[in-house]
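Asks: Turn this into a structure:
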Amino acid sequence: MFARLSLTLLFLFIMACNGHKETEQEECAMVVCTEIYVTLTVSVKNTSGDIIALDSFEVVDTDTGKNLTENYSDPEYQYYKEQGLYPIFSDKYHEQYKNSEAVISFKGYVSNNKVVDQEFIVGADCCHVNLISGPSEIVLD
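Replies: Numbering: from 1, shown residues only. Reported below is the predicted structural model:
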């Protein structure tokens, strides 16, 4: 009788453990992350491979309408223009987007004319943001 009761309790315990889903905090608690700060960027060029310097750009979460464009100092923005490389998503938003995905829209302007309108799917894991879908280089005609 005691053996039968012990086996039943053991069986119930094993079944209960198998049905346990780890929470986000439990999943990430055992992960070792690097100390680097990740920034996802997109380059903008013409068909000849020349850099396109945007006068301005914006990044918006299409689901919430939240503007994700970071504020940059004049020297920082000048650097981005010279490189034709524009930040679209960074670890600044890691916690907000952890273990989820979002569609963001990148719009670039030259002389107040929209020349770039590109969507990306981005997300974040336990440690950093990542690009799920979308080009790392935009080529304009």
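
Asks: Under the pLDDT cut-off, which ranges of this protein? List them.
Replies: Within the chain, the ranges that satisfy pLDDT under 70 run 1-26.

Asks: do that again at 90, thanks
Replies: Within the chain, the stretches with pLDDT under 90 are 1-31, 71-72, 141.

Asks: quick one, strands of it?
Replies: 39-46, 56-61, 85-90, 100-110, 113-124, 129-133, 137-140 (DSSP state E).

Asks: Give me whichever of those strands is most buried.
Replies: Mean neighbour counts were taken over the strands of the chain using mean count of other C-beta atoms under 10 Å, and the top value, a mean of 21, falls to strand 85-90. For glycine as for every other residue, the C-beta is placed from the backbone atoms N, C-alpha and C.

Asks: and the angle for that one with strand 100-110?
Replies: For strand 85-90 and strand 100-110, the angle between their directions (axes from the mean of the first three to the mean of the last three C-alpha atoms, to 10 degrees) works out to 150 degrees.

Asks: Nearest to residue 69, out of the strands of the chain?
Replies: Proximity to residue 69, assessed across the strands of the chain by C-beta to C-beta, is greatest for strand 56-61 (4.7 Å).

Asks: Now do that closest one: which elements does it pack against?
Replies: For strand 56-61, the elements it packs on are strand 85-90, strand 100-110, judged by 3 or more C-beta pairs under 8 Å, 6 or more residues apart in numbering; DSSP states H and E.

Asks: change it to 10 Å
Replies: Counting contacts by 3 or more C-beta pairs under 10 Å, 6 or more residues apart in numbering; DSSP states H and E, strand 56-61 packs against strand 39-46, helix 74-83, strand 85-90, strand 100-110, strand 113-124.

Asks: Rebuild the ones you listed as JSON lines, extending it with distance to residue 54.
Replies: Formatted as JSON lines, the entries for those read as follows, by distance: least, C-beta to C-beta, whole Å:
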{"stretch": "strand 39-46", "distance to residue 54": "6"}
{"stretch": "helix 74-83", "distance to residue 54": "7"}
{"stretch": "strand 85-90", "distance to residue 54": "7"}
{"stretch": "strand 100-110", "distance to residue 54": "4"}
{"stretch": "strand 113-124", "distance to residue 54": "7"}
